[in-house]
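Just need the structure, nothing else, for what follows:
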Amino acid sequence: MPLMDSAVPAHASSVLFRESDSAGTKAQLRWDVRDRLAGPSGPERRGDWAGRYTALLVAADAACGALAWALALVVTDVLLGASSAPLWSALVAMPVWVLMIALCRGYERSKVGVGSDEMRAALRASAHGIVLAALLATVTQDTLLLATSVLAAVIAPVGGLLTRVGLRRWLHHRQRHGVDLRDTVVVGSMPQVQELAEQVAAEPNAGMRVVGVCVPEQDVARARAAGLVVLGRSDDVRSAVQRHGAAVVAVTAGQPQHYLRELAWSLEGLDSQLLVHPGLVEVAGPRLHIRPFIGLPLLAVEQPHFSGWRIPAKRATDLVLSSLGLLLAGPLMLVLAAAIRLSDGGPAIFRQTRVGRNGQTFTMYKFRSMHVDAEARLADLLAQNEGAGPLFKMVDDPRITRVGKLLRRTSLDELPQLFNILNGTMSVVGPRPPLPSEVREYQRPVRRRLLVTPGLTGLWQVSGRSALSWDESVRLDLRYVENWTLALDLLIIW
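This is a model prediction of the structure:
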C-alpha cells in the first residue's frame, strides 16, 4: 500500500511532529517520459523566494556597476585631466557588469543565499573585467580607457560584496523566522534520516526546511514512531517531490551506488537539487574534492591546514589587526581601566593561566569584571553551576561587579587580549582558550581544539554566544579546526 502523505502542506512550518496516512500514487525510480516532461509543480516552483532574491542581486549589481564606472570616470578626470567616456556611459556599465557576474555563475538560483559561490562570482567577474580591459586597451591603444576600466573593475566588486553581505544578513533574519526556506525531502535509512533532519532544523541559515522523509519499507514504522512525516518509501522520492514542491532532496550517507544513480535519473526534469551527505562529520568546504579516477570517481579528503604558508599568513593578519585595534581602542581602554580601579580599588587587569596551541599554557589578559576574591568564592558556587560540560556558568553570578556587568554585556572585557594576539599566544579568530582544569576533563575528540591557536572570537561566538550548549560549542569549534581558512577567519571577523 502506498505511503504518501498528501495531507501535509508543502509549506508547513514544522514537519517533525505531524503525520497523516492518506494514500497517494506510488512513484517508481524508473520514470516514464510523460512524468519527466511534466516538470516542476506546486506554488513554490512557480515563483519562490530564490527568484526574488536573485532579482535583488541583479538590481544591486546593476547599480554597483553604474556607480563604479561613474566613480572611475570622475577619478581619472581628476587625476589625469581627461575622461575616457561621457558620464552617461555608466548606463552601459550596468548590463555589462551584470552579464559578467552571470557568466561567472553568480545568479544560479540553487546556490544563492547559501555558501560563498555568489560572493566569489563578484571577485571572479572583477578579475575577468581587468583582463578584458587590458585586451581592449591593447587593441585600441587607449591607456585612459584601460585606467578607467581597471579602476571600475576594482570598485564594483567592493560594492557587490557589501550588498551581498547585507542581503545575506537580511535573508538569514527571515530564515530564522521560518520564511524563505527551501522545502527539503530527506532520503535514507533510520536513524540517519532523523539525524540529518534534526541538523537541518537546528541550522535555519542553511536555508532548508524538511517537509518529510522517504525511508526503506522496513524503516517506515520506526520513522513514524520518531515523529517524522513519512512521504513514501525509498522509491517514492520523485512523487514526493512533485506532491510537495520540494526544492531539495537530501540523501544520507551509506546509500548504494546504484540507488544514488537511479535517484539522480528519476529527478531529471524537476526543479529540485540533489544533495548527498558525505558521512564525514564537520569536514567540508575546501578539504573535499571529487577525484575522477578511470571508471571510479572518489571523494578525496585533504589534510587539515595546521602548517604551511597559511600559518605565517594568519600571523601577519593577526599582527595587523591587533595593532590597529590597540591604536583605535587605546583611549577607550584607558577609560575602562580607570573605571574599574575607581569602582573598588582593585587591579584593572585580570591575569589567568589558559591553555593554548598544542597544550602550551600562557597568561591571558582581561579587564577585571569580578570582585578580587572571585576565585576563592568559586568553590562555594559550584553547586549552582548552570552550564554544561566543564564550563562554569551562572546567569546572575554574584561575583560580577557593576562595572563588570557592563563590560561583559558589551564584551569590552576582552579588549586586553589584543596584547595576547600581539605577542602570539592568541589569534583574532579561533576556539576560546580553556582553563587547565577544563582541559583535564577533555575527551580525545575535544582535544583537537588545541591544534590551533586560541582566538579572541570564533565560530561559536558568532553563532550563538553563551546561549549554545557545551556540545554545540564544541561541535562548532571542531568544525572550525577541521576546516579553517583565511577566508573563514575574515567572514567570522565580519
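
Name all residues that make contact with residue 434.
354-355, 390, 442, 449, 454 (Cβ atoms under 8 Å, 6 or more residues apart in numbering). From N, CA and C alone the C-beta is placed, and that goes for glycine too.

is it fair to say residue 186 lies in a helix?
No: counting by DSSP: H, G, I helix; E, B strand; the rest coil, residue 186 is not part of a helix but strand.

mind listing what it touches?
193, 196-197, 200, 210, 212-214, 250-252.

Give me the nearest residue to residue 207, chain neighbours excluded.
Among residues not flanking residue 207 along the chain, residue 114 sits closest, at 4.8 Å (Cβ to Cβ, 6 or more residues apart in numbering).

roughly how far apart are the residue of the chain most remote from its centre and residue 349?
Within the chain, the residue lying farthest from the chain centre (Cα atoms, centre = their mean) is residue 81, at 45.2 Å. Per Cβ to Cβ, to the nearest Å, residue 81 is found 56 Å from residue 349.

Quick check on residue 435: phi, psi?
For residue 435, the backbone dihedrals are phi -80, psi 150 (criterion: degrees, to the nearest 10).

from the contacts of residue 434, which is closest to residue 157?
The closest of the contacts of residue 434 to residue 157 turns out to be residue 454 (Cβ to Cβ; 32.8 Å).

List the residues that contact the closest one.
Contact analysis of residue 454 by Cβ under 8 Å, 6+ apart lists 354-357, 426-427, 430-434.

hang on, the earlier thing: and the contacts of residue 434, which are buried?
In terms of neighbour count (16 or more other Cβ atoms under 10 Å), the buried residues within the contacts of residue 434 are 354-355, 442, 449, 454.

State the number of residues packed around residue 79.
Using other Cβ atoms under 10 Å, residue 79 has 10 neighbouring residues.

So that it lines up with my notes, have the first residue be 708 from now on.
I'll keep to 708 as the first residue from here, and by that count the last item is residue 786.

What's the separation between it and residue 840?
From residue 786 across to residue 840, the span is 17 Å (Cβ to Cβ).

SS state for the residue positioned nearest the centre of the chain?
The centre of the chain sits closest to residue 822, judged by Cα atoms, centre = their mean, with a distance of 6.4 Å. Using three-state DSSP, the structure places residue 822 in coil.

now for the helix or strand harbouring residue 920, which elements pack on it?
Using DSSP states H and E, residue 920 sits within strand 915-922. Contacts defined by 3 or more Cβ pairs under 8 Å, 6 or more residues apart in numbering; DSSP states H and E place strand 915-922 against strand 889-894, helix 899-909, helix 927-932, strand 937-940, helix 944-951.

hmm, 6 Å instead?
strand 889-894, helix 899-909, strand 937-940, helix 944-951 (3 or more Cβ pairs under 6 Å, 6 or more residues apart in numbering; DSSP states H and E).

Show me what the shortest one pairs with in its sheet, parallel or antiparallel.
Each strand pairing with strand 937-940, determined using DSSP bridges, is listed with its direction: strand 915-922 (parallel).

For the partner strand, what is the distance to the chain centroid?
Chain-centre distance of strand 915-922: 22 Å, with Cα atoms, centre = their mean, to the nearest Å.

and it, average pLDDT?
Averaging pLDDT along strand 915-922 yields 92.

so that strand versus strand 889-894, what angle?
Counting by axes from the mean of the first three to the mean of the last three Cα atoms, to 10 degrees, strand 915-922 points 20 degrees away from the direction of strand 889-894.

Tell me where the stretch 708-857 of the chain is predicted with low confidence.
Residue ranges of the stretch 708-857 of the chain with pLDDT under 70: 708-755, 790-791.

between the contacts of residue 893, which is nearest residue 1121?
Residue 1121 has its nearest neighbour among the contacts of residue 893 in residue 907, at 32.7 Å by Cβ to Cβ.

can you pull the contacts of that closest one?
Listed by Cβ atoms under 6 Å, 6 or more residues apart in numbering, the contact partners of residue 907 are 915, 917.

try 7 Å
Residue 907 is in contact with 891, 913, 915, 917, counting by Cβ atoms under 7 Å, 6 or more residues apart in numbering.

remind me which residues of the stretch 858-1007 of the chain are low pLDDT?
Ranges of the stretch 858-1007 of the chain meeting pLDDT under 70: 986-1007.

ok so, going back, take the helices and strands packed on strand 915-922 and write them to CSV, including distance to residue 762.
As requested, the helices and strands packed on strand 915-922 are exported to CSV (distance: least, Cβ to Cβ, whole Å):
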stretch, distance to residue 762
strand 889-894, 17
helix 899-909, 26
strand 937-940, 31
helix 944-951, 25
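
Most tightly packed of those?
strand 889-894 (a mean of 28; mean count of other Cβ atoms under 10 Å).

ok and it relative to helix 899-909, angle-wise?
160 degrees.

Strand 889-894 pairs with which strands, and in what direction?
Paired with strand 889-894 in the same sheet, following DSSP bridges, are strand 915-922 (parallel), strand 955-958 (parallel).

what about dumping the CA coordinates of that strand to PDB?
The C-alpha trace of strand 889-894 is given here as PDB (Å, rounded to 0.1, in the frame of the first residue of the first chain):
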ATOM      1  CA  ARG A 889      13.900  25.500   0.500                       C
ATOM      2  CA  ASP A 890      11.400  22.700   1.200                       C
ATOM      3  CA  THR A 891      13.500  19.500   1.500                       C
ATOM      4  CA  VAL A 892      12.800  15.800   1.400                       C
ATOM      5  CA  VAL A 893      15.300  13.700   3.300                       C
ATOM      6  CA  VAL A 894      16.100  10.200   1.900                       C
END
